[in-house]
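**Student:** have a look at this fold, sequence not included:
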C-alpha cells in the first residue's frame with residue numbers, strides 16, 4: 001500500500017473597477033476588461049428594483065453590446081432581489097434555467113446587477129452552473145459596493161440560517177458603477193456605510209479618522225464623500241481577501257465579520273425585518289462595548305465608535321435582544337454557536353484592542369454581554385450627549 005500527496009496551487013486575479021455609467025457609449029472599460037477569444041456569450045441578470053430605477057438601462061446594455069465586437073448579449077433577465085430572493089429558491093432555479101436555455105458555457109459571462117442579496121443568489125447560480133461560469137458583479141447599493149460585492153462568497157438561506165447553502169468563488173470582475181449608488185433611498189445609502197466603519201475598525205485607523213472627520217458630509221450623503229468612503233472601504237475589503245491568507249475561510253478567524261455573530265442572529269430573530277446593515281450596526285456597537293468592558297479597548301475609543309454610528313443615524317439597539325427561551329436565556333446567544341458552527345472549530349470572535357487593531361477571543365461572557373446590551377438600550381434612548389456620557393461612569 002502506498003500514499004501520495006500532491007499540492008494543487010491556484011492563482012486568481014481579483015479585478016475591482018470603479019467607474020460611472022459603465023454601459024454608456026463612450027465608456028469602453030468593459031470592452032477592455034472582458035476576454036472574448038473572438039466570441040463570448042453574455043447573460044445578464046438585473047434586479048427588478050434597479051430596472052425600475054433605470055428604465056433606459058436595458059436598451060443601454062443592448063446598444064453597448066451591439067457596438068462591442070466579440071461579445072454576444074443573449075438576454076437580460078429581470079428578477080426579484082432583496083433578502084426575499086435568498087429565502088425563496090425560485091430566483092436561483094430561474095437563473096439556472098436561463099443559463100441552460102441560453103447555452104451559457106464556461107467561456108461565457110454572467111453579469112449580476114443588483115444589491116448584495118441579489119449578487120449572492122446569482123453568484124451561487126454562476127458558481128454551480130457547469131462547475132463555474134465567469135461572473136461579473138455590478139453592486140448597486142452602498143452596502144454591496146463597499147463590502148459584499150467585492151467578496152468571494154455566494155449563497156442562499158436554508159434551515160432558517162443565513163447563507164447555509166453557498167460557495168466560495170472569485171468573480172471574474174467587480175464593477176462598482178457610481179451611477180447606481182445615488183439612486184438608492186437615503187436610508188439604504190446611509191445604512192451601508194456601516195461596513196466602511198467596520199473595516200476601518202479592524203484594519204485601518206487612519207480611515208476611521210477620515211470617517212470621523214467627514215461624518216456630517218456622509219450623514220448628508222454628499223456624493224464626493226460617499227464615493228470616497230465606498231471606494232476606500234471596498235479596497236480594504238478586497239486587500240484583506242486577497243492578501244489576508246484565508247480567502248475561503250478555511251480557518252476559524254473572521255476579522256471582516258466583526259460584530260456579525262449578533263447581527264446574523266438579529267436578522268433571523270426579526271424574520272429579516274431588520275436589514276443586514278442595521279443589524280451589523282447594532283452588532284458593532286455591542287462588540288465595541290464588550291471590547292471596552294473586558295479591558296481591551298480604551299473608553300475614549302469606545303465612545304468614538306458609538307458616536308460615529310449615532311452620527312450616521314445608524315441603530316445601536318434592537319428589541320430583538322429581549323427575546324428569550326423558556327429557560328430565560330436570551331435567544332441572541334444562540335448566534336454564538338451558529339457563528340462557530342458556520343466555520344467549525346472553536347468559537348472565534350474578533351474584538352477590538354484599538355481602532356484599526358483586532359484580537360481573536362474564544363469565549364464570550366454572557367452576563368457581561370447582557371450588561372452591554374442594557375447599556376446600549378440606555379444609550380439609544382438618551383436624548384442628549386450629557387446623558388450618553390454619564391452611561392460610561
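**Tutor:** Thanks, I have it. Since this is a predicted model, take the numbers as computed values, not measurements.
**Student:** burial measure for residue 206, as a count.
**Tutor:** Residue 206 sits with 11 neighbouring residues when counted by other C-beta atoms under 10 Å. Using the backbone N, CA and C atoms, a C-beta is placed for each residue, glycine as well.
**Student:** how about it: what's its closest non-neighbour residue?
**Tutor:** Closest residue in space to residue 206, ignoring its immediate chain neighbours: residue 356 at 7.5 Å, by C-beta to C-beta, 6 or more residues apart in numbering.
**Student:** with residue 33 instead?
**Tutor:** Closest residue to residue 33 apart from its sequence neighbours, by C-beta to C-beta, 6+ apart: residue 173 at 5.7 Å.
**Student:** any idea of the pLDDT on that neighbour?
**Tutor:** Looking at residue 173, its pLDDT is 94.
**Student:** counting neighbours, what do you get for it?
**Tutor:** Using other C-beta under 10 Å: residue 173 sits among 21 other residues.
**Student:** which stretches of the stretch 151-300 of the chain form strands?
**Tutor:** In the stretch 151-300 of the chain, the strands defined using DSSP state E, counting those that start in this stretch lie at 153-158, 161-168, 173-177.
**Student:** coming back round to it: and the residue nearest to residue 206, what does it touch?
**Tutor:** Contacts for residue 356 (C-beta atoms under 8 Å, 6 or more residues apart in numbering) come out as 200-206, 208.
**Student:** do that again at 7 Å, thanks
**Tutor:** 201, 203-205, 208 (C-beta atoms under 7 Å, 6 or more residues apart in numbering).
**Student:** residues near residue 6, how many?
**Tutor:** Residues near residue 6, counting by other C-beta under 10 Å: 4.
**Student:** again with the one 3 residues further on
**Tutor:** Number of residues near residue 9 (other C-beta under 10 Å) recorded here: 4.
**Student:** now residue 158: closest residue in space, sequence neighbours ignored.
**Tutor:** Nearest to residue 158 is residue 164, by C-beta to C-beta, 6+ apart, at 4.0 Å.
**Student:** distance of the one you found from residue 155?
**Tutor:** Plainly put, residue 164 is 7 Å away from residue 155 if you go by C-beta to C-beta, to the nearest Å.
**Student:** which residues touch the closest residue to residue 191 other than its chain neighbours?
**Tutor:** In space, and not counting its chain neighbours, residue 191 is closest to residue 277: 3.7 Å by C-beta to C-beta, 6+ apart. Residues in contact with residue 277 (C-beta under 7 Å, 6+ apart) are 143, 191-192, 194.
**Student:** okay if I get those as JSON lines plus distance to residue 230 and neighbour count?
**Tutor:** What follows is the contacts of residue 277, written out as JSON lines (distance: C-beta to C-beta, whole Å; neighbours: other C-beta atoms under 10 Å):
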{"residue": "143", "distance to residue 230": "10", "neighbour count": "27"}
{"residue": "191", "distance to residue 230": "13", "neighbour count": "25"}
{"residue": "192", "distance to residue 230": "8", "neighbour count": "30"}
{"residue": "194", "distance to residue 230": "12", "neighbour count": "31"}
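**Student:** give me the subset of those residues lying in helices.
**Tutor:** Among the contacts of residue 277, the members found in helices (DSSP state H) are 143, 191, 194.
**Student:** and the pLDDT for the residue lying closest to the first one once chain neighbours are set aside?
**Tutor:** For residue 143, ignoring the flanking residues on the chain, the nearest one in space by C-beta to C-beta, 6+ apart is residue 192 at 3.5 Å. Looking at residue 192, its pLDDT stands at 89.
**Student:** could you do residue 147 as well?
**Tutor:** pLDDT, residue 147: 81.
**Student:** show me the contacts for it.
**Tutor:** Applying C-beta under 7 Å, 6+ apart, the residues near residue 147 are 195, 233, 237.
**Student:** again, 6 Å this time
**Tutor:** The neighbours of residue 147, taking C-beta atoms under 6 Å, 6 or more residues apart in numbering as the test, are 195, 237.
**Student:** test my guess that residue 311 contacts residue 214.
**Tutor:** No - contact criterion C-beta atoms under 6 Å: residue 311 and residue 214 do not qualify, at 10.1 Å.
**Student:** filter the contacts of residue 356 to the buried ones?
**Tutor:** 201, 203-204, 208 (16 or more other C-beta atoms under 10 Å).
**Student:** among these, which lie within helices?
**Tutor:** 201, 203, 208.
**Student:** closest to residue 380 among those residues?
**Tutor:** Ranked by distance to residue 380 (C-beta to C-beta), those are led by residue 201 at 19.3 Å.
**Student:** distance check, the closest one against residue 342.
**Tutor:** Counting by C-beta to C-beta - residue 201 and residue 342 are separated by 21 Å.
**Student:** wasn't residue 25 part of a helix?
**Tutor:** No - checked against DSSP: H, G, I helix; E, B strand; the rest coil, residue 25 lies outside a helix; its state is coil.
**Student:** burial count for it?
**Tutor:** 10.
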